[in-house]
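K.L.:
Got a predicted model here, sequence first, then my questions.
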Amino acid sequence: MNLLVDTHALLWWWAANDRLSRRAHTALRSPANRIYVSAAVGWELAIKVNLGKLDARHVLADFPAILFDSGFKRLAIAMDHALRAGMLPRHHNDPFDRMLVAQAQALGFPIISADATFDQYGIERIW
């Protein structure tokens with residue numbers, strides 16, 4: 001199954017943080033799943049690092065390699081994703097999360113996230 005992962009879930013996975021739900025953990029480690037990380041996640045991480053809100057500069061330096069080593073696939077932002085994100089109802093104001101919703105809708109991917117606001121968009125959320 002193809003799955004999209006939200007930024008916090010990805011960070012919690014890498015940190016082996018117990019805030020990651022058992023269901024999300026199982027989905028991330030299952031060899032039957034293909035885990036996709038959106039360019040929006042990289043963008044969000046870079047902004048948070050640059051603002052000093054996240055101490056993860058070392059992750060950014062090798063982000064593509066870290067994704068590869070984790071067995072995760074990169075997902076680019078396509079024009080139809082951008083247009084869809086811009087036209088979404090305003091249930092969520094975070095532009096990164098709105099992009100993840102748009103990509104999940106466009107591709108039919110469930111999203112791994114603790115954010116229940118995603119449920120208002122009619123996408124499957126794994127948590």
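P.N.:
Everything's here; your move.
K.L.:
mean confidence for stretch 59-73?
P.N.:
Averaged over stretch 59-73, pLDDT sits at 92.
K.L.:
now what about the least confident helix or strand in the chain by mean pLDDT, what contacts it?
P.N.:
The helix or strand of the chain with the lowest confidence, counting by mean pLDDT, DSSP states H and E, is helix 57-61 at a mean of 87. Contact with helix 57-61 is made by Trp14, Gly42, Leu45, Ala46, Val49, Ile66, as judged by CB atoms under 8 Å, 6 or more residues apart in numbering. Every residue, glycine included, has its C-beta placed from N, CA and C.
K.L.:
Pretty sure His25 sits against Trp13.
P.N.:
Yes: counting by CB atoms under 8 Å, Trp13 is a contact partner of His25 at 7.4 Å.
K.L.:
Neighbours of Trp14, how many?
P.N.:
13 (other CB atoms under 10 Å).
K.L.:
again, but for Ala82
P.N.:
Ala82 has 13 nearby residues by other CB under 10 Å.
K.L.:
elements contacting the helix or strand where it lies?
P.N.:
Ala82 belongs to helix 79-87 when assigned by DSSP states H and E. Under the contact criterion of 3 or more CB pairs under 8 Å, 6 or more residues apart in numbering; DSSP states H and E, helix 79-87 touches helix 95-107.
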